[in-house]
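Visitor: Sequence and predicted structure, then a few things I'm wondering about:
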Amino acid sequence: MRLFLTGIGVVLLLAGCGGVKNFGSSLKYDIMAEYYLEQQTYTQGASSFRRILDEDPGNAKAHYYYGRMVLAEKQYGEALSHLQQAALGRPESGDCLFWLGVAYGKNNNPAKERASYIRVLQLDPNHVGALVYLGHNLLKAGEHEKSLARYQQALDLNPHHAQALYNRAFILRKLGRSPEERIAWLLYLDSYPAGKFANLAADRLNTLENYSYRNHNLGGRVVTLTDVGFVPFKDELLDYTRESLDIVGTILSEMRQGTLQIEVYQKNDNKLAKKRALALRSYLCKKFPQLGAARRIEVSWFDVPESRVVLKKRLTIDESVRFVVTGADEKRYIKAEKNKKT
């Protein structure tokens with residue numbers, strides 16, 4: 001990777017000096033654009049391709065990449081103008097027509113947006129981006145069955161496409177196809193178990209009375225975790241549960257203050273609920289001894305079902321585990337999380 005980036009740097013340097021004559025303009029532009037897009041330095045990329053267009057106003061590929069850069073900068077009108085010129089010069093380029101469609105969408109022209117994606121698929125029926133964005137276009141228009149079909153086509157080609165996975169489940173919910181919706185949310189969460197869309201997916205899954213994934217409030221942060229599983233009739237943890245517990249312990253360890261409350265619900269069996277609660281605390285204290293030493297883990301157990309409201313629906317769960325962090329400095333933790341991302 002280091003050598004590759006160094007190579008890109010050399011290409012960019014030579015391009016800036018106008019020294020790449022025998023390298024091949026098309027390849028040079030591709031490498032330049034890939035670098036700017038990967039680094040998300042769109043303003044710098046736009047400036048580079050703007051200089052190329054100043055010298056060669058009819059360069060279709062420069063129009064294409066300049067359009068991509070300003071589109072990323074949310075200059076939608078400017079992007080559309082240049083992507084239109086690129087499409088005129090490269091009418092058989094599926095990627096060019098795809099991004100032209102995206103620009104039409106950003107400029108509130110859904111009819112031309114759709115026509116662009118359809119043209120892409122005539123050229124390349126397996127263009128995943130066009131399938132997904134045509135699905136978006138149809139979804140916005142309320143054409144749910146057609147949208148669903150396009151997302152499914154995309155998933156047949158790329159089973160882990162995040163937007164297609166999520167929107168497939170969303171449409172199935174709209175259509176009232178609960179058995180399929182349940183599976184669709186599970187498939188999304190299996191691939192993308194973290195983030196705000198995972199939070200929404202888990203809630204929607206729970207309203208279908210499936211608790212394979214649950215949301216937990218850990219000191220100002222909603223975390224989606226797989227369910228906590230035990231060997232039937234025992235307090236022995238199932239292996240897959242350890243990953244969720246490790247996530248909980250790690251998050252709590254990163255907080256300067258706050259106490260983890262573990263609540264175990266076991267309908268009509270207080271003894272088993274207590275054993276399981278103690279087993280969870282024992283695991284976390286062994287894995288994160290500093291938490292145990294500071295007495296930052298408390299447990300409680302109940303011989304009644306857990307009752308909670310999710311998306312305005314009252315849920316009753318006979319056997320469950322709930323994690324909550326109390327007494328945390330939520331503002332400080334959220335700020336620390338934001339600093340990590342930047």
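Guide: Thanks, I have the structure now. Numbers count the residues shown, from 1 in each chain.

Visitor: how far out from the middle of the chain is stretch 160-180?
Guide: In terms of CA atoms, centre = their mean, to the nearest Å, the centre of stretch 160-180 is set 15 Å apart from its chain centre.

Visitor: swap that for stretch 287-302, please
Guide: Distance of stretch 287-302 from its chain centroid, counting by CA atoms, centre = their mean, is 32 Å.

Visitor: export it as PDB, just CAs?
Guide: The C-alpha coordinates for stretch 287-302 follow below in PDB (Å, rounded to 0.1, in the frame of the first residue of the first chain):
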ATOM      1  CA  LYS A 287     -12.400 -10.500  31.500                       C
ATOM      2  CA  PHE A 288     -12.300  -6.900  32.800                       C
ATOM      3  CA  PRO A 289     -10.900  -7.100  36.400                       C
ATOM      4  CA  GLN A 290     -10.600  -3.400  36.700                       C
ATOM      5  CA  LEU A 291     -14.400  -3.200  36.500                       C
ATOM      6  CA  GLY A 292     -14.900  -5.800  39.200                       C
ATOM      7  CA  ALA A 293     -12.400  -4.100  41.500                       C
ATOM      8  CA  ALA A 294     -14.100  -0.800  41.100                       C
ATOM      9  CA  ARG A 295     -17.500  -2.400  41.700                       C
ATOM     10  CA  ARG A 296     -18.900  -1.000  38.500                       C
ATOM     11  CA  ILE A 297     -21.100  -3.900  37.700                       C
ATOM     12  CA  GLU A 298     -24.400  -4.600  39.500                       C
ATOM     13  CA  VAL A 299     -27.000  -7.300  38.800                       C
ATOM     14  CA  SER A 300     -30.600  -7.800  39.400                       C
ATOM     15  CA  TRP A 301     -33.000 -10.600  38.500                       C
ATOM     16  CA  PHE A 302     -36.700 -11.100  38.100                       C
END
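
Visitor: in it, what counts as buried?
Guide: Residues of stretch 287-302 classed as buried under the neighbour-count rule (16 or more other CB atoms under 10 Å) are 287-288, 291, 296-297, 299, 301-302. Every C-beta, even on glycine, is put in place using the N, C-alpha and C of the backbone.

Visitor: which one among these gets closest to residue 81?
Guide: residue 288 (56.6 Å; CB to CB).

Visitor: Strands of the stretch 101-250 of the chain, residue ranges please.
Guide: 213-218, 222-226 (DSSP state E, counting those that start in this stretch).
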